[in-house]
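*Asks:* What follows is a predicted protein model with its sequence.
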Amino acid sequence: MRKTRVLLLTQWFDPEPTFKGLLFAQELVKLGFEVEVLTGFPNYPGGKVYPGYRIRLIQRERIGEVSITRVPLYPSHSGSVIGRVANYLTFSLCAALYGVLVAKRPDVIYSYHPPLTTGFTAVAIRLARGVPVVCDIQDLWPDTLRATGMTRNQRVLRMIGCACDWFYRRVERLTVLSPGFKRMLVSRGVPESKIEVIYNWADEAALAAGARQSSVSLPPGGLRVLFAGNLGRAQGLDAVLSAARLLLDRGSRAQLVFLGSGVEVEELKARTAQLRLSNVHFLPAVPMSEVGAYLAAAEVLLVHLLPDELFRITIPSKTQAYMAAGKPIVMGVDGDAADLVVRSGGGIVVQSGSEESIADGIARMEAMSAEIRASMGDRAKSFYEAELSIGVGTQRFAKIFTELATQRSSAPAPADGGSR
């Protein structure tokens, strides 16, 4: 029998950092799908085309059995709204033209959101070629745009909200990364039956490769608590620095290590100096292939986001990476992310934005024996493998793709989406 053909439509793809990239495509191939990736020329996050690539009309690549097609876009990832919009729109238009006029007809389209414009491309291909669409929602627009400060123009936010509602009505299935995302969409009128929660996974191969490397050196002292990832406004790390001050004042020997880069790095370093935090250390960002070594070297791993209603239904991607690494977690995010840690038994939950709660949580970890912390880490890893791994997630996507492809082969999809 002919293999089910899946078009993975995503603006960001390897070698760019992405949640659903080459590993996802390769797992689908292993499950018997034929996969074509439709993406742009790599330029994220710096906004400059990667070395070895040059923007052209179409570039085709093949990695194993995964076919990759790259179409032109305007490379940009600056703070300029105009540049960002141009980046989104040029990819969306070029991908739509390719998908409608050139691409081999797929049986199902997988569309990665954000940006929302990729969803419009998916709908254009759907309407032109009668192909069902599965949209994977990683950010809730316009909520994310409002929470991160990308725009606070209420008229613009309302327009984006209306565009999202229009898009949700015209795709067959929506997948979301947390139960809270599902509740939010249902409250906006999206049928519950149309939405499925599929948790994100970690880059398991890269983490394992990093962990096998020679051990890295973390600052000496007491308990090493590592925060790895973006150091931005949404992470709310001022509260963590204040917690570090409290720990020092209490005589704790715990060391807090920040591994990564971001717009807040210099401000965080300045505040560290101002507070005279001898127990806080900053390390530069490293490739994902090396992150596993740092996670393995730490005794405890920290997650933190600002207290915000949107973040209560968000599960930071480092959560899965930390669990896969098999280390105990101090979870400073309220809501769904905290629920995962509680369900797994792989860490403790502290109140987001509360320096007292964060300090108390780290102190609790410091007071535990190494054996108890190791047991926590083992439970976190077991939970990840059973509930969150790439194998589990891909199997759930595969089930949806197969169902939709079977339905399409037996009856044509209605022109208006007809699923709401």
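*Replies:* Thanks, I have it.

*Asks:* got the domain boundaries for the protein?
*Replies:* With domains defined by automatic domain parsing, the chain comprises 5-201+389-410, 204-386.

*Asks:* So which residues of the stretch 201-350 of the chain form helices?
*Replies:* Per DSSP state H, counting those that start in this stretch, the stretch 201-350 of the chain carries helices over the ranges 204-212, 238-249, 265-274, 288-297, 309-312, 317-325, 336-344.

*Asks:* What are the contacting residues of the third one?
*Replies:* Where contact means C-beta atoms under 8 Å, 6 or more residues apart in numbering, the residues beyond helix 265-274 that reach it are 231, 237-238, 241, 258, 280, 282. To be clear about C-beta, it is placed using only N, CA and C from the backbone, and glycine gets the same treatment.

*Asks:* With the first one instead?
*Replies:* By C-beta under 8 Å, 6+ apart, the list of residues contacting helix 204-212 from outside reads 23, 288-296, 321, 324-325, 389-390.

*Asks:* and with 10 Å instead?
*Replies:* For helix 204-212, contacts defined as C-beta atoms under 10 Å, 6 or more residues apart in numbering pick out 23, 26, 202-203, 216, 286-297, 320-322, 324-326, 384-385, 389-391.

*Asks:* I would like a PyMOL command selecting only the buried ones among those, please.
*Replies:* Buried residues among these (16 or more other C-beta atoms under 10 Å), as a PyMOL selection:
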select buried, resi 23+26+202+203+216+286+288+291+292+293+294+295+296+297+320+321+322+324+325+326+384+389+390
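
*Asks:* Could you identify the helix or strand that succeeds the helix or strand harbouring residue 161?
*Replies:* Per DSSP states H and E, residue 161 falls inside helix 154-169. Where DSSP H and E defines the elements, the next helix or strand beyond helix 154-169 is strand 173-176.

*Asks:* which helices and strands sit right next to the next helix or strand after that next one?
*Replies:* Moving toward the C-terminus from strand 173-176, the next helix or strand (DSSP H and E) is helix 179-187. Counting contacts by 3 or more C-beta pairs under 10 Å, 6 or more residues apart in numbering; DSSP states H and E, helix 179-187 packs against strand 133-137, helix 154-169, strand 173-176, strand 195-197, helix 309-312, helix 336-344.

*Asks:* what is the mean pLDDT for the first one?
*Replies:* In other words, strand 133-137. On average, the pLDDT along strand 133-137 is 96.

*Asks:* Likewise for the fourth one?
*Replies:* Averaging pLDDT along strand 195-197 gives 97.

*Asks:* got it, and the last one?
*Replies:* Taken as a whole, helix 336-344 carries a mean pLDDT of 97.

*Asks:* Now do the buried residues in that helix.
*Replies:* 336-341, 344.

*Asks:* I'd like the residues you listed as CSV, with distance to residue 172 appended.
*Replies:* Shown next, in CSV, are the buried residues of helix 336-344 (distance: C-beta to C-beta, whole Å):
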residue, distance to residue 172
336, 25
337, 29
338, 32
339, 28
340, 28
341, 33
344, 32
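
*Asks:* Out of these, which two sit at the greatest distance?
*Replies:* Greatest spacing in these, by C-beta to C-beta: 336 and 344 (12.9 Å).

*Asks:* overlap in contacts of these two?
*Replies:* Counting by C-beta under 10 Å, 6+ apart, the residues touching both residue 336 and residue 344 are residue 319.

*Asks:* Residue 290 contacts residue 213, correct?
*Replies:* Yes - counting by C-beta atoms under 10 Å, residue 290 does reach residue 213; the two are 6.9 Å apart.

*Asks:* and residue 225, what are its bridge partners?
*Replies:* Following DSSP bridges, residue 225 is listed with bridge partners residue 256, residue 300.

*Asks:* burial of the nearest residue to residue 254 once chain neighbours are set aside, as a residue count?
*Replies:* Closest residue to residue 254 in three dimensions, ignoring its sequence neighbours and counting by C-beta to C-beta, 6 or more residues apart in numbering: residue 223, at 4.4 Å. Neighbour count of residue 223, defined by other C-beta atoms under 10 Å: 21.

*Asks:* now residue 223: how far from residue 152?
*Replies:* Between residue 223 and residue 152 the distance is 40 Å, computed by C-beta to C-beta, to the nearest Å.

*Asks:* Now do the same contact list for the residue of the chain most remote from its centre.
*Replies:* Relative to the C-alpha centroid of the chain, counting by C-alpha atoms, centre = their mean, residue 251 is the outermost residue, at 36.8 Å. By C-beta under 10 Å, 6+ apart, no residues touch residue 251.

*Asks:* same question, residue 4
*Replies:* So residue 4 contacts 28, 31-35, 106-108, 398, 401-402, 404-406, 409 (C-beta under 10 Å, 6+ apart).

*Asks:* what do you get if the cut-off is 7 Å, keeping everything else the same?
*Replies:* By C-beta atoms under 7 Å, 6 or more residues apart in numbering, residue 4 lies in contact with 33-34, 107, 401-402, 405.

*Asks:* remind me which residues of the stretch 101-250 of the chain are low pLDDT?
*Replies:* Applying pLDDT under 70 to the stretch 101-250 of the chain flags residues 147-151, 214.

*Asks:* In strands only, show me the contacts of residue 4.
*Replies:* Among the contacts of residue 4, the ones falling in strands (DSSP state E) are residue 34.

*Asks:* Among the contacts of residue 4, name the buried ones.
*Replies:* Buried subset of those (neighbour count, 16+ other C-beta under 10 Å): 33-34, 107, 401-402, 405.

*Asks:* Could you pull up the mean pLDDT of stretch 252-266?
*Replies:* 94.

*Asks:* Kindly report the same for stretch 87-96.
*Replies:* 96.

*Asks:* Could you pull out the buried residues of it?
*Replies:* Residues of stretch 87-96 classed as buried: 87-88, 90-96 (neighbour count, 16+ other C-beta under 10 Å).

*Asks:* Okay, and which of the residues you listed map to helices?
*Replies:* Using DSSP state H, the subset of those located in helices is 87-88, 90-96.

*Asks:* Now the two most distant members of those.
*Replies:* Going by C-beta to C-beta, the pair spanning these furthest: 87 and 96, at 15.3 Å.

*Asks:* Give me the buried positions along the helix or strand harbouring residue 118.
*Replies:* Assigned by DSSP H and E, residue 118 belongs to helix 116-129. For helix 116-129, a neighbour-count test (16+ other C-beta under 10 Å) marks 116-127, 129 as buried.
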